[in-house]
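J.: Have a look at this prediction, sequence included:
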Amino acid sequence: MKKFDENYKLLSGMYQDGYFPDFLVDKIRDLIRDAVDLLETGERDPGIIQGKFDEMTQGINDLQEEFEENGSELETEARESIGEAVAYILRWFDLDLDVEEAIRERDW
């Protein structure tokens, strides 16, 4: 079973931008990490993998109000940072899944 790249920093763009509270970026990172944890088990079933990405994306959707309450929002930099992380994960685990499909449940 392949482990995720320990040198890759998830959401580095969001962490570097003071507009995004770190404690909220941590919540997104943890949701993404849950998807990575599934992939590290060696799971290859496309339906299960997509289901986990849908769950992750819906969890991120649920954070929008909390971002707004803290003077931030899931805007361009966030979308790019999350998309970049998901794209990297898909490549790392050699998954034939388009990043837009992986995060198809997004409303940000």
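T.: Done, it's in. Treat the numbers as computed from the prediction; the structure is a model and nothing was measured.

J.: Next SSE downstream of the longest helix along the chain?
T.: In the chain, assigned by DSSP state H, the helix with the most residues is helix 22-40. For helix 22-40, the succeeding helix or strand toward the C-terminus, using DSSP states H and E, is helix 46-61.

J.: Whichever helix or strand comes after that following helix: how far from the chain's middle?
T.: Going down the chain from helix 46-61, the next helix or strand is helix 64-69, by DSSP H and E. Its chain's average C-alpha position is 17 Å from that of helix 64-69, according to Cα atoms, centre = their mean, to the nearest Å.

J.: Alpha carbons of helix 64-69, as PDB, please.
T.: Written as PDB, here are the backbone C-alpha positions of helix 64-69 (Å, rounded to 0.1, in the frame of the first residue of the first chain):
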ATOM      1  CA  GLN A  64     -18.400  28.200   4.500                       C
ATOM      2  CA  GLU A  65     -20.400  29.800   7.200                       C
ATOM      3  CA  GLU A  66     -17.600  29.400   9.800                       C
ATOM      4  CA  PHE A  67     -15.200  31.000   7.300                       C
ATOM      5  CA  GLU A  68     -17.600  34.000   6.900                       C
ATOM      6  CA  GLU A  69     -18.000  34.300  10.700                       C
END
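
J.: Now do the SS call for Glu6.
T.: Under DSSP: H, G, I helix; E, B strand; the rest coil, Glu6 falls in the coil class.

J.: now it: how far from Glu68?
T.: Look at Glu6 and Glu68: by Cβ to Cβ, to the nearest Å, they are 33 Å apart. No exception for glycine: its C-beta is placed from N, CA and C like everyone else's.

J.: Compare those two and say which is more crowded by neighbours.
T.: Glu68 (11 against 6; other Cβ atoms under 10 Å).

J.: Just want the most central residue of this structure.
T.: Centrality entry for the chain: nearest residue to the mean C-alpha point is Ile32, 4.0 Å, by Cα atoms, centre = their mean.
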